[in-house]
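Chemist: below is the sequence, then the predicted model.
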Amino acid sequence: MTRYQLPDTADLIRLGEPHAHAITVYAQTSPAPDQRENNFLTAKSAVDRALRGIRDRGTRHAVEQQLRDRWTEIAGSDLWLRLSRSLAIFIADDFHEVFVLPNRLENQSQMGAYFDIGQLVRAVMTPQEAYALTLSANGWNLWRATAAARAEEMPLVGEYATDVAEATNRATVRDRDHVGRLVGDEGKKVLLETYAKRVADAVNFELGHVDPSATRPLFVFAADPLLEMYLGLDHKRQTVAVRGGSDTLRPDQIDDAIRASLSTINARRINTLVDDIGDGVARGLVATDIADIGKAAISGAVSTLVYDFTVDILGRLNAANGRVTYDDSGYDLLSRIAITVLDKGGEVIAVRPGEVNATIWNGTAVAGLRFALT
């Protein structure tokens with residue numbers, strides 16, 4: 001089964017269930033038609049490595065063939081014609097699923113009794129939605145980027161002036177040279193300010209329909225002085241300036257700039273969250289030791305778990321009492337704890353090394369608790 005949207009929490013919990021044999025592959029891809037063969041070979045090489053590992057463990061040939069048949073079904077599907085930035089491939093003897101994602105995930109392959117869903121948890125639980133405004137004297141457009149799709153131009157509800165000429169009640173002139181002559185040196189600043197204000201009013205109206213609480217940032221692609229004029233207005237949401245001409249920007253360039261900056265914005269948000277969690281230390285509402293976090297997760301005490309999904313800690317989590325045992329033949333403990341927290345209604349945030357610098361952070365995991373452990 002191929003899916004072109006991120007899984008929800010229920011899907012993550014389902015993917016977190018054990019299997020006799022589980023292969024996880026994350027592969028970076030490109031939507032460009034001339035990269036299809038390279039995309040396929042990247043994924044195939046990762047699956048082949050995992051299958052060799054399963055064979056080396058002495059797994060029966062029939063089981064290996066069953067897994068290989070599932071890969072053959074994936075390899076022969078039409079998903080390779082509709083790719084984005086990454087693939088997440090999950091293959092078990094009784095099940096397989098593929099996610100085509102716009103997020104830039106790291107190449108990875110793993111085999112074991114559980115899928116490694118760390119990168120998927122990060123993609124799901126980290127905000128990946130934003131809006132963009134491309135603005136110049138020649139016109140403006142609104143864009144939307146989501147966790148499931150690259151930046152696309154938004155259809156507008158209302159009707160607005162299309163450029164600086166229309167916004168200032170002058171004849172519509174699209175050509176850059178004519179726009180310069182139309183405005184003139186003395187009145188140019190006033191006319192641009194009027195235009196910026198009218199565009200801002202239109203943007204606020206349009207985004208008010210789709211994001212009334214203004215939780216998602218707005219990226220503004222423009223050159224000075226228009227950019228500074230727009231940013232100087234009163235805005236209801238966080239705005240991020242991307243300096244430079246916007247008339248010739250392609251959708252993929254807009255999307256790339258949004259994704260690159262979202263990681264910084266999200267890291268800032270996560271640091272604030274971890275600092276807030278740290279405020280609960282005196283009341284016993286913080287756990288930083290894996291053993292304590294495991295116990296809290298099983299008891300439903302974890303409200304928020306922040307963990308580094310690149311850290312490998314192998315062992316087992318007792319589903320009855322939350323006891324953690326460390327065992328090199330076990331599974332990824334942090335992933336199992338994360339799934340347990342989600343299953344109990346908690347929030348999970350997967351981070352990369354260096355993203356969190358809050359005082360309470362130990363480089364591995366921290367949990368904010370609903371109630372103190374006894």
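Modeler: Great, that's in hand. Numbers count the residues shown, from 1 in each chain.
Chemist: now do the contacts for Tyr230.
Modeler: Tyr230 makes contact with 133, 135, 196, 199-200, 220, 222, according to CB atoms under 8 Å, 6 or more residues apart in numbering. Bear in mind the C-beta positions are built from the backbone N, C-alpha and C, glycine included.
Chemist: can you check Leu369 too?
Modeler: 280, 284-287, 296, 301-303.
Chemist: phi and psi next, for it.
Modeler: For Leu369, the backbone dihedrals (degrees, to the nearest 10) come out as phi -110, psi 150.
Chemist: how about Leu135?
Modeler: Torsion angles, degrees, to the nearest 10, at Leu135: phi -130, psi 130.
Chemist: thought it was touching Asp224?
Modeler: No - assessed by CB atoms under 8 Å, Leu135 is found out of contact with Asp224, at 11.4 Å.
Chemist: tell me which of those two has more neighbours.
Modeler: Leu135 (25 against 11; other CB atoms under 10 Å).
Chemist: not counting its neighbours along the chain, what's nearest that one?
Modeler: Of all residues not flanking Leu135 in the chain, Ala222 sits nearest, at 4.1 Å (CB to CB, 6 or more residues apart in numbering).
Chemist: wait, that neighbour touches Asp247, no?
Modeler: No - taking contacts as CB under 8 Å, Ala222 lies outside contact range of Asp247: 10.1 Å.
Chemist: and these two? which has more neighbours close in?
Modeler: Comparing Ala222 with Asp247 by other CB under 10 Å, the one with more neighbours is Ala222, at 25 against 13.
Chemist: and that one, what does it touch?
Modeler: Contacts for Ala222 (CB under 8 Å, 6+ apart) come out as 133-136, 230, 241-243, 246.
Chemist: with Asn318 instead?
Modeler: 298, 324-325.
Chemist: go on, Thr325?
Modeler: Thr325 neighbours (CB under 8 Å, 6+ apart): 315-316, 318.
Chemist: and the residues you listed, which is closest to Thr340?
Modeler: Asn318 (10.9 Å; CB to CB).
Chemist: quick one: secondary structure of Leu342?
Modeler: In the three-state summary, Leu342 is assigned as helix, counting by DSSP: H, G, I helix; E, B strand; the rest coil.
Chemist: any idea how far it is from Asp48?
Modeler: When distance is defined by CB to CB, to the nearest Å, Leu342 is 31 Å away from Asp48.
Chemist: those two: which is more packed in?
Modeler: More crowded of Leu342 and Asp48, by other CB under 10 Å: Leu342, with 22 against 13.
Chemist: need the contact list for the more buried one.
Modeler: 9, 12-13, 16, 348.
Chemist: out of those, who's nearest Ala27?
Modeler: Checking the contacts of Leu342 one by one against Ala27 (CB to CB), the nearest turns out to be Leu12, at 19.4 Å.
Chemist: where does the stretch 51-200 of the chain have low pLDDT?
Modeler: Scanning the stretch 51-200 of the chain for pLDDT under 70 picks out 169-187.
Chemist: where in the stretch 251-374 of the chain is pLDDT low?
Modeler: In the stretch 251-374 of the chain (pLDDT under 70), no residue qualifies.
Chemist: what segments of it are helices?
Modeler: 251-278, 290-298, 333-343 (DSSP state H, counting those that start in this stretch).
Chemist: test my guess that Ser136 contacts Leu249.
Modeler: No - using CB under 8 Å, Ser136 is not in contact with Leu249; the gap is 9.9 Å.
Chemist: ends of stretch 296-310, how far apart?
Modeler: 22 Å (CA to CA, to the nearest Å).
Chemist: centre of the chain versus it, how much separation?
Modeler: Distance of stretch 296-310 from its chain centroid, counting by CA atoms, centre = their mean, to the nearest Å, is 20 Å.
Chemist: cool, and stretch 279-286?
Modeler: In terms of CA atoms, centre = their mean, the centre of stretch 279-286 is set 30 Å apart from its chain centre.
Chemist: residues of that stretch that come out buried?
Modeler: 280, 285-286 (16 or more other CB atoms under 10 Å).
Chemist: quick one: the residue lying closest to Asn321 once chain neighbours are set aside from Ala320, how far?
Modeler: Using CB to CB, 6+ apart and skipping residues adjacent in sequence, the residue nearest Asn321 is Ile298, 6.7 Å away. Using CB to CB, one gets 8 Å for the distance from Ile298 to Ala320.
Chemist: ditto for Val306
Modeler: 26 Å.
Chemist: so these two - more neighbours on which side?
Modeler: Ranked by neighbour count (other CB under 10 Å), Val306 and Ala320 place Val306 first, with 25 against 6.
Chemist: wait, isn't that one in contact with Ala365?
Modeler: Yes - the pair Val306 and Ala365 qualifies as a contact (CB under 8 Å) at a distance of 6.8 Å.
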